[in-house]
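**Student:** Here is my input; please provide its structure:
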Amino acid sequence: MAGEQVACEIIRFTGLDAGPIVRSRVGEQGVYFLVPPLSANAHHWPAGAEVMSRGGRTAAFVGVPALRGPTWPLDWRSRPTVSTPFVDAVLLHELTVDVLAEDAGGRPAGS
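**Tutor:** Residues are numbered from 1 along each chain as shown. Take a look at the predicted model:
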């Protein structure tokens, strides 16, 4: 699954301080990256990535697991920290483009 691969890459790249990443344990088991407000709109996301916001015609929802205790079907892949309250949208975009290009059989961006 591309979302999980992106999560692994960003966690590794940031030395385990990636910011808030949430996983869903139902359906297609989505992975959600919480980025600073309006930062997702600054990028052209490749097919396979979906920006969810309240702007435009997209649906908005908030499903954030509790920091402690069970909150099935959501759980933290990476928790927010004081130093990293959000995932870096620029880094997330770069890694998403690379992972989805690899999944499509192409060369990673920047190669």
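
**Student:** Strands of the protein, residue ranges please.
**Tutor:** Secondary structure of the chain by DSSP state E: the strands cover 21-24, 31-33, 74-78.

**Student:** Out of these, flag the one nearest residue 53.
**Tutor:** strand 31-33 (12.1 Å; CB to CB). Glycine gets a C-beta too; all of them are placed from N, C-alpha and C.

**Student:** So which elements touch that closest one?
**Tutor:** Judged by 3 or more CB pairs under 8 Å, 6 or more residues apart in numbering; DSSP states H and E, strand 31-33 is in contact with helix 2-13, strand 21-24.

**Student:** repeat that for 10 Å
**Tutor:** Counting contacts by 3 or more CB pairs under 10 Å, 6 or more residues apart in numbering; DSSP states H and E, strand 31-33 is packed against helix 2-13, strand 21-24, strand 74-78, helix 89-103.

**Student:** What pairs with that strand, parallel or antiparallel?
**Tutor:** Applying DSSP bridges, strand 31-33 is found paired with strand 21-24 (antiparallel).

**Student:** just to revisit the earlier point, Throw the helices and strands packed on strand 31-33 into TSV and include mean pLDDT, thanks.
**Tutor:** Converted to TSV, these look like this (pLDDT from 0 to 100):
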stretch	mean pLDDT
helix 2-13	94
strand 21-24	91
strand 74-78	91
helix 89-103	91
